[in-house]
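**Q** My questions are about this predicted structure, shown below with the sequence.
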Amino acid sequence: MELPYDQATETTAIPGISAEKLDSIAQKLDQLISVASANEVNIKVLYDNHQNILQKLALLNTKLKELVTRISVTVTDVNQQGNNDYNFKIISNLQELTTFEERLSNPQAEEDIIKLLPGTCTKSKGRTYNNAYVLVSAMFTR
C-alpha cells in the first residue's frame with residue numbers, strides 16, 4: 001500500500017491518523033515485540049525445567065521399583081526358607097495387625113522380624129524415611 005506524501009511537511013501519513021497516534025501505535029508494537037521475546041525465553045526455560053523434572057522422576061521411579069523388588073524378594077526368600085520361628089506374613093487386615101502388634105511385645109519376636117528385613121532395618125544416614133516407606137510397602141497390602 002502506498003502512503004500519500006505531503007510535500008509541505010515532507011512526511012508520509014495515513015489520512016485521518018495523527019503522527020502522535022502513529023507514534024503510540026509504534027511504541028505499543030515495540031512493547032508487544034519485547035513481551036513476545038520474553039515469552040519465548042520463558043517458554044524455553046519452562047520446557048528445559050520440565051525435561052529435567054521428567055528425567056528425575058524416571059530415575060526415582062526406577063530406584064523405587066528396584067527397592068520394592070529387593071524388599072519383596074527378601075521377605076519372600078525368608079518365608080520360603082522357613083529358617084526362622086516367625087514366618088513373616090504381609091498384613092492385610094486389622095486382625096493381622098493386632099496379632100503382629102502382640103508378637104512385637106515379645107523382644108525375641110521383634111529381633112526376628114528385624115533379621116527378616118535386614119536391608120531396611122539398619123541404621124543409615126539420610127535413609128530413615130525411605131526405609132520407613134519401604135517397610136510399610138513390604139509389610140502391608142494396598
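**A** In hand now; what should we look at?
**Q** got the buried residues for the helix or strand that residue 113 is a member of?
**A** Element membership of residue 113, judged by DSSP states H and E, is helix 107-116. Within helix 107-116, the residues that qualify as buried are 112-113, 116, counting by 16 or more other C-beta atoms under 10 Å. In short, each C-beta sits where N, CA and C put it, glycine included.
**Q** Could you point out the longest helix of this protein?
**A** Secondary structure assigned by DSSP state H gives helix 19-81 as the longest helix of the chain.
**Q** Report the next helix or strand after that helix in sequence order.
**A** Later in the chain than helix 19-81, the nearest helix or strand by DSSP H and E is helix 94-104.
**Q** give me the low-pLDDT residue ranges for this structure?
**A** Applying pLDDT under 70 to the chain flags the ranges 1-15, 72-88, 117-130, 142.
**Q** what about 80?
**A** Residue ranges of the chain with pLDDT under 80: 1-19, 66, 68-89, 110, 112-142.
**Q** Alpha carbons of stretch 19-38, as PDB, please.
**A** The C-alpha coordinates for stretch 19-38 follow below in PDB (Å, rounded to 0.1, in the frame of the first residue of the first chain):
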ATOM      1  CA  ALA A  19       1.500  11.500  14.000                       C
ATOM      2  CA  GLU A  20       1.000  11.100  17.800                       C
ATOM      3  CA  LYS A  21      -1.300   8.100  17.200                       C
ATOM      4  CA  LEU A  22       1.200   6.500  14.800                       C
ATOM      5  CA  ASP A  23       4.000   7.000  17.400                       C
ATOM      6  CA  SER A  24       1.700   5.500  20.100                       C
ATOM      7  CA  ILE A  25       1.000   2.500  17.900                       C
ATOM      8  CA  ALA A  26       4.700   2.100  17.100                       C
ATOM      9  CA  GLN A  27       5.500   2.100  20.900                       C
ATOM     10  CA  LYS A  28       2.800  -0.500  21.600                       C
ATOM     11  CA  LEU A  29       4.100  -2.700  18.800                       C
ATOM     12  CA  ASP A  30       7.600  -2.400  20.300                       C
ATOM     13  CA  GLN A  31       6.300  -3.400  23.700                       C
ATOM     14  CA  LEU A  32       4.500  -6.400  22.200                       C
ATOM     15  CA  ILE A  33       7.600  -7.500  20.400                       C
ATOM     16  CA  SER A  34       9.600  -7.300  23.700                       C
ATOM     17  CA  VAL A  35       6.900  -9.200  25.600                       C
ATOM     18  CA  ALA A  36       6.800 -11.900  22.900                       C
ATOM     19  CA  SER A  37      10.600 -12.200  23.100                       C
ATOM     20  CA  ALA A  38      10.500 -12.600  26.900                       C
END
